[in-house]
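>>> prediction below, plus the sequence it came from.
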Amino acid sequence: MKISREDVVRVAELAYLDLSEAELEMYRTQIDEILEYIGKLNELDTAKVEPMAQVLAEDQTADATLREDLEVPCRGAEQILRQAPDPEPPYFRVPKVIER
Amino acid sequence: MAEKWTIGSVGEAIAAKKVSTRELAGEFYKRIAARNPELNAFLALSPERAYAQADKIDGLVASGKPLPPLAGVPMAIKDVISTRGVKTTCGSKILENYIPPYDATAVERLEAAGAVILGKTNCDEFAMGSSNENSAYGAVRNPEASDRVPGGSSGGSAAAVAAGLAVAALGTDTGGSIRQPGAFCGVAAMMGSYGRVSRYGLIAFASSLDRIGPFATTAGDVAEIMQVIAGRDANDSTSTTAQVPDYRAEMEKPVKGMRIGIPKEYFGAGMDNGVRQKIEAGISLFQQLGCELVEIHMPHTDYAIATYYVIATAEASSNLARYDGVRYGLRVEDASLLGMYRKTRGSGFGAEVKRRIVLGTYVLSAGYYEAYYLKGQKVRALIARDFQEAFTQVDAIVTPTSPVPAFKLGERTNDPLQMYLADIYTVTGSLAGVPGISMPCGKIGGKLPVGLQIFGPAFGEARVLRLAHAFEQGGGATL
């Protein structure tokens, strides 16, 4: 067994996902099987291989294409707020953060 | 009113005033009304926008002004691509009422070229799936066989084009989500190289893998759409500055003498016999067209699915963190902020999405990052290298798009790993960043479509289209 119920609970915490007991068990079983399959990557010796962190075209470098640091207008705040679940322009209103 | 339309025949008919753009749009809406209840290909229609565009094009026709390249072409857009003022749900409950305030660059370019956007198509939730059964708004049925899946995640777009409900459509491909549904539904379906088409406005799943691309009934139409949507976009720093060639001109060039690589790793045990037979006939056709067949080896093919499901899920877990009920979409109330996040996400996301977020978070978490994510990135480099090395020996690589034809609805929904293995021939190209097209390659028993995949080197779209066009002209679809 690669992943325990506690692992799934911990990860669900990190990902802010409320999962039911049934979901916890279902995902645990399924992900266990998937991780088992993923384990085949260990058959490969990658000690001397550089990780492919970016998919770069010939004209690109890893620091990506940067633009000039110039202020450009950013409109649309009104429209965006109109869509929000609980707007109080110019804010998005949310429940308070309750200390654990 | 003709039954089958291509970009060319639409242009001709509209310019010759045989049909108005408005009439044509109306015809397609009639077809959609007739067949969509059964197929569930479309999630939303945008008649206001469509007819406004149609009237604009008809105005150009009336005043004798020159028409843009896609004038009047009825098109559908996958629901993970932002369309201003038109509901965009990503096939999820968490964005049930989300209306983007802007257009994706690809959509903007299509409209500037005269295309008529009919509506948004159904897809697996957040583009995660291989059958369109993960949509929160119901599955899509394959127009060729109503008890079978259209493929995924761009099942709606593939089905719409196959059923004649749109002349062409946009889909997205992360691990095969354009090519595989193209194969299952029997239409031409292409993903350009990573960085060829701007991702601005594409609601992100996996940022190093996502690509926007076209579905159409011919390789020529695919080329026309690529011509319009490809090209550098300042809003997407991962988009290439490389020029967009004249795909139409390039694809008319002869294919005689081109070297085609046949990788033995793609022709192993897991392939359906019906698929094998059609693909072998397809490969023979290339030989008849004067291409040279070369057996090649791509030794890391077998590790692609494992690599993909580490990288894609890790990136997804990061990209989907934004759905928290604060700024848009679903909010489930709670007394605390964190409680609101947990409940909103717990109830707003479907099972497949949650599964991938959990897996992705796990492989990135402290203690596991090196064993999984870093390892995955290294194997990805090896897979990309397999392609680079192959392209020193051959001009293009031909494989089946999928090991099996469209499977039945419900057949793989209880076994996620089985579902993931459906992508075995497509994820390789996704990881490597290379372009790929799926072309119709006959139908098993005269009914079930088979797709033949052609990979090219990075930014070798012209070459891929050239082979696809010759294959089609040579009778590939009716093998």
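Received it, and whenever you're ready, just let me know what you need.
>>> please count neighbours and contacts with C-alpha atoms only from this point.
OK.
>>> and the residue of the stretch 151-300 of chain B that's closest to chain A?
Here the stretch 151-300 of chain B gets closest to chain A at one residue, residue B:237, 5.6 Å apart by CA to the nearest CA.
>>> host element of that residue?
Following DSSP states H and E, there is no helix or strand that holds residue B:237.
>>> what is the burial count for it?
18 (other CA atoms under 10 Å in any protein chain shown).
>>> what sits closest to residue 4 if chain neighbours are left out?
Defaulting to chain A. Of all residues not flanking residue A:4 in the chain, residue A:28 sits nearest, at 6.8 Å (CA to CA, 6 or more residues apart in numbering or on different chains).
>>> chain B was what I was after
residue B:164 (7.0 Å).
>>> over to residue 4: give its phi and psi.
As the question left the chain open, I've gone with chain A. Here is the backbone geometry of residue A:4 (degrees, to the nearest 10): phi -100, psi 170.
>>> surely it touches residue A:27?
No - between residue A:4 and residue A:27 there is no contact under CA atoms under 8 Å: 10.4 Å.
>>> those two: which has the busier surroundings?
Neighbour count, other CA under 10 Å: between residue A:4 and residue A:27, residue A:27 has more, with 22 against 15.
>>> I'd like the secondary structure assignment at the more buried one, please.
helix (DSSP: H, G, I helix; E, B strand; the rest coil).
>>> which residues touch the residue most central in space within chain A?
Among the residues of chain A, the one closest to the centroid is residue A:15, at 7.8 Å (CA atoms, centre = their mean). Residues counted as contacts of residue A:15 (CA atoms under 8 Å, 6 or more residues apart in numbering or on different chains) are B:317, B:321, B:357, B:358, B:361.
>>> tell me the pLDDT at residue 20?
Just so you know, I chose chain A. pLDDT for residue A:20: 96.
>>> that's the wrong chain, I meant chain B
pLDDT, residue B:20: 98.
>>> what number of residues lie near the residue nearest to it when sequence neighbours are not counted?
Nearest non-adjacent residue to residue B:20, counting by CA to CA, 6+ apart: residue B:14, 5.8 Å away. Residue B:14: 22 surrounding residues under other CA under 10 Å.
>>> for chain A, give me the ranges with low pLDDT.
A:58-65, A:99-100 (pLDDT under 70).
>>> pop out the phi and psi values for the spatially most distant residue from the centre of chain A.
Ranked by distance from the centre of chain A (CA atoms, centre = their mean), the top residue is residue A:70, with 29.4 Å. Backbone torsions of residue A:70, given as degrees, to the nearest 10, read phi -110, psi 140.
>>> what residues does the stretch 51-200 of chain B have near chain A?
B:98, B:99, B:101, B:194, B:195 (CA under 8 Å from any CA of the partner chain).
>>> closest to residue A:47 among these?
residue B:194 (26.7 Å; CA to CA).
>>> which SS state does the closest one fall under?
Going by three-state DSSP: residue B:194 is coil.
>>> quickly list the domain ranges of chain B.
Annotated domains of chain B cover B:7-250, B:253-305+B:371-478 [automatic domain parsing].
>>> so which residue of chain A comes closest to chain B?
Closest point on chain A to chain B, by CA to the nearest CA, is residue A:51, at 4.1 Å.
>>> that's a helix at the residue nearest to residue B:20, yeah?
Yes - counting by three-state DSSP, residue B:14 is located in a helix.
>>> doesn't residue B:25 make contact with it?
No - between residue B:14 and residue B:25 there is no contact under CA under 8 Å: 11.6 Å.
>>> quickly list what's touching both of these two.
The contact lists of residue B:14 and residue B:25 share residue B:72, where a contact means CA under 8 Å, 6+ apart.
>>> you'd agree residue B:306 is in a helix?
Yes - using three-state DSSP, the assignment for residue B:306 is a helix.
>>> chain center to stretch B:67-87: distance?
Its chain's average C-alpha position is 15 Å from that of stretch B:67-87, according to CA atoms, centre = their mean, to the nearest Å.
>>> now do the same end-to-end measure for that stretch.
This stretch, stretch B:67-87, spans 29 Å end to end (CA to CA, to the nearest Å).
>>> tell me which residues of that stretch are tucked away?
B:67, B:69-84, B:86-87 (16 or more other CA atoms under 10 Å in any protein chain shown).
>>> just put the residues of the stretch 51-200 of chain B next to chain A in JSON lines and tack on pLDDT and neighbour count.
Below are these laid out as JSON lines (pLDDT from 0 to 100; neighbours: other CA atoms under 10 Å in any protein chain shown):
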{"residue": "B:98", "pLDDT": "97", "neighbour count": "20"}
{"residue": "B:99", "pLDDT": "96", "neighbour count": "20"}
{"residue": "B:101", "pLDDT": "94", "neighbour count": "16"}
{"residue": "B:194", "pLDDT": "97", "neighbour count": "31"}
{"residue": "B:195", "pLDDT": "95", "neighbour count": "30"}
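>>> strands of chain B, start to end?
Assigned by DSSP state E, chain B shows strands spanning B:42-45, B:74-78, B:116-121, B:168-173, B:188-191, B:211-216, B:259-263, B:292-296, B:396-400, B:436-444, B:448-455.
>>> no no, chain A
Under DSSP E, chain A gives strands at A:87-88, A:91-92.
>>> check contacts around residue B:71.
Applying CA under 8 Å, 6+ apart, we find residue B:71 in contact with B:10, B:11, B:57, B:113, B:114, B:115, B:116.
>>> shouldn't the fifth one be in contact with residue B:74?
No - Residue B:114 is not in contact with residue B:74 according to CA under 8 Å; the separation is 9.5 Å.
>>> got the phi/psi numbers for residue B:193?
phi -60, psi 160.
>>> and it, what does it touch?
So residue B:193 contacts B:211, B:433, B:434, B:435, B:436, B:458, B:459, B:460, B:461 (CA under 8 Å, 6+ apart).
>>> can you check residue B:375 too?
Counting by CA under 8 Å, 6+ apart, the residues that residue B:375 touches are A:41, A:46, A:51.
>>> can you tell me how far residue B:9 is from residue B:179?
As for residue B:9, its distance to residue B:179 is 25 Å (criterion: CA to CA).
>>> hang on, I meant residue A:29
30 Å.
>>> between the two, who's got more neighbours?
residue B:179 (36 against 16).
>>> I figured residue B:98 was touching residue A:84, is that so?
No - with contact defined as CA under 8 Å, residue B:98 does not reach residue A:84; the gap is 9.3 Å.
>>> need the residues touching each of the two.
With CA under 8 Å, 6+ apart, residue B:98 and residue A:84 have common neighbours B:328, B:329.
>>> farthest-apart pair in the contacts of residue B:71, please.
B:10 and B:113 (13.5 Å).
>>> of the two, which one has the most company?
Taking neighbours as other CA under 10 Å, residue B:10 and residue B:113 compare with residue B:10 leading, 24 against 19.
>>> so what's that one scoring on pLDDT?
On pLDDT, residue B:10 comes in at 98.
>>> isn't it right up against residue B:69?
No - with contact defined as CA under 8 Å, residue B:10 and residue B:69 do not form a contacting pair (10.5 Å).
>>> returning to what we had before: what's the nearest residue to the residue of chain A closest to chain B if we skip its chain neighbours?
Nearest non-adjacent residue to residue A:51, counting by CA to CA, 6+ apart: residue B:378, 4.1 Å away.
>>> can you pull the buried residues of the helix or strand bottoming out on mean pLDDT in chain B?
In chain B, the helix or strand scored least confidently by mean pLDDT, DSSP states H and E is helix B:416-420, which has a mean of 88. Using 16+ other CA under 10 Å as the test for burial, helix B:416-420 gives B:416, B:417, B:420.
>>> closest to chain A among the residues you listed?
Checking the buried residues of helix B:416-420 one by one against chain A (CA to the nearest CA), the nearest turns out to be residue B:417, at 6.4 Å.
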